[in-house]
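> Show me how the following folds:
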Amino acid sequence: MHLVSTPDNPIPPGASVAMARAVDGVQLRTARWVPQTAVRGTVAILQGRSEFIEKYFELIGQLLARGFAVATMDWRGQGGSTRQLKNPRKGHIDDFSLFERDLGALVDDVLGPSCPQPWFGLCHSMGGAIMLSIAHAGRSPFERVVLTAPMIGPAGLTYPRVAHTLVEILDTLGFGGAFAPGGRGASVMTMPFKNNVLTSDPVRYARSASVLAAAPELGLGWWTIGWAHAAFRLWRRFEDPDYARQILGPPMLIVGSSADRVVDLHAIERFASRLRSGRLIMIDGAEHEILVERDALRDQFWAAFDKFIPGVEGERAARR
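Below you'll find the predicted structure:
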């Protein structure tokens, strides 16, 4: 139960690290920070698949400098939280609804007792998909939410229906815990920079790799057939035109990356156009992980973030 520091990725000062327990007993590594200045509220960072708290140290420092407290956690099955299978390299989940238990633990054990309101969500990729599902159910704890490259659908699948059927059959036959076809145990963040599909920034990419070199236990490999089956079920729900329209709140800002090769940009655009209280901005030239992109691209994200968060009501609540 600790955070890993490297020379080029130091821990932001004032970290408070703890293990939270979800209702089903899963142990989750959490961390929180409080700024030295007047607090404008709390931003909860909800990670993408295979990520870990240390990857967001730079982002956390920038949020603290803006006057926000920060809370975050590693989802079950990754980072420093309880893994779901005996092989810790397998990215597995039986159903994405289980992740709601993790957010519930963050709210009950970290946000509620220790973090000033108003609360805002900053959700990346898989974290964005989880947040959309929770918001659809009317159970979002946040006043406003920013979603970066939300995992509304996968990029590059020519026959998604066929792929869904295949993983459904394999899962039903008992292969849910096996790596999905083409899978491997090595983290995607350890491949050579020229082959990566996450960022165009070699320095920030190397920084994440250096954390895994120092603490390989934080890494996660390919997803399992069970994870893929669960993801396809969620993506099928997102395809329903009424799904986005049924989300009544909170207000959402979706930030897409025009060069994204991980998630489906067209699916994001369709979904955003149907939201009752949401807007989409697209950052030209950015890869999937805008939060670890080049400065010129990240600056565009921050301009949008600063305009959207905390919002008028959030500022009023902070003053109160």
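> Could you find the closest non-adjacent residue to Phe301?
Ile290 (5.2 Å; Cβ to Cβ, 6 or more residues apart in numbering). No exception for glycine: its C-beta is placed from N, CA and C like everyone else's.
> Neighbours of the one you found, how many?
Counted with other Cβ atoms under 10 Å, residues neighbouring Ile290 total 21.
> got the contact list for it?
Going by Cβ atoms under 8 Å, 6 or more residues apart in numbering, Ile290 touches Thr148, Ala149, Val255, Ser257, Ile283, Leu297, Arg298, Phe301.
> which ones among these are found in helices?
Among those, the members found in helices (DSSP state H) are Leu297, Arg298, Phe301.
> could you pull out the helices for the stretch 101-250 of the chain?
Taking DSSP state H, counting those that start in this stretch as the criterion, the stretch 101-250 of the chain carries its helices at 112-114, 126-136, 160-170, 202-214, 225-239, 241-245.
> Distance from the last one to the middle of the chain?
So the one you mean is helix 241-245. Its chain's C-alpha centre and that of helix 241-245 lie 22 Å apart, by Cα atoms, centre = their mean, to the nearest Å.
> now what about that helix, what contacts it?
His136, Arg237, Phe238, Phe271, Ala272, Arg274, Leu275, Arg276, Gly278.
> buried ones in it?
Tyr243, Ala244 (16 or more other Cβ atoms under 10 Å).
> and it, what's its mean pLDDT?
The pLDDT scores in helix 241-245 average 97.
> quick one: Arg245 from Ala286, how far?
Separation of Arg245 from Ala286 (Cβ to Cβ, to the nearest Å) stands at 28 Å.
> Give me the helix or strand of the chain that scores worst on average pLDDT.
Ranked by mean pLDDT, DSSP states H and E, the helix or strand of the chain with the weakest confidence is helix 311-319, at a mean of 61.
> Tell me the spacing between the residue nearest to Phe301 and Ile93.
For Ile290, the distance to Ile93 equals 24 Å [Cβ to Cβ].
> got the contact list for the spatially most central residue of the chain?
Centroid-nearest residue in the chain, with Cα atoms, centre = their mean: Gln47, separated by 2.6 Å. Applying Cβ under 8 Å, 6+ apart, we find Gln47 in contact with Ile53, Lys55, Tyr56, Thr72, Met73, Asp74, Trp75, Gln78, Gly79, His124, Met126, Gly127.
> 7 Å instead, please
Asp74, Trp75, His124, Gly127 (Cβ atoms under 7 Å, 6 or more residues apart in numbering).
> do Cys115 as well
Neighbouring residues of Cys115 by Cβ under 7 Å, 6+ apart: Arg32, Thr42, Ala69, Ala71.
> how about a cut-off of 6 Å?
The contact partners of Cys115, by Cβ atoms under 6 Å, 6 or more residues apart in numbering, come to Thr42, Ala69, Ala71.
> How about it: what's its closest non-neighbour residue?
Among residues not flanking Cys115 along the chain, Thr42 sits closest, at 4.0 Å (Cβ to Cβ, 6+ apart).
> neighbours around the one you found, how many?
If you count neighbours by other Cβ under 10 Å, Thr42 ends up with 25.
> now swap in Thr72 and tell me
25.
> what secondary structure does it sit in?
Under the three-state scheme (DSSP: H, G, I helix; E, B strand; the rest coil), Thr72 adopts strand.
> from memory it sits against Ile45, does it?
Yes: Thr72 lies in contact with Ile45 (Cβ atoms under 6 Å); the separation is 4.0 Å.
> Counting neighbours, what do you get for the nearest residue to Val292 once chain neighbours are set aside?
For Val292, ignoring the flanking residues on the chain, the nearest one in space by Cβ to Cβ, 6+ apart is Arg204 at 4.3 Å. Per other Cβ under 10 Å, the neighbour tally for Arg204 reads 22.
> now Ile169
Using other Cβ under 10 Å, Ile169 is surrounded by 12 other residues.
> how close does it sit to Ser97?
From Ile169 across to Ser97, the span is 22 Å (Cβ to Cβ).
> re earlier: closest one to Ile60 among the helices of the stretch 101-250 of the chain?
Among the helices of the stretch 101-250 of the chain, helix 202-214 comes nearest to Ile60, with 13.6 Å by Cβ to Cβ.
> Quick check: mean pLDDT of that closest one?
Helix 202-214 shows a mean pLDDT of 96.
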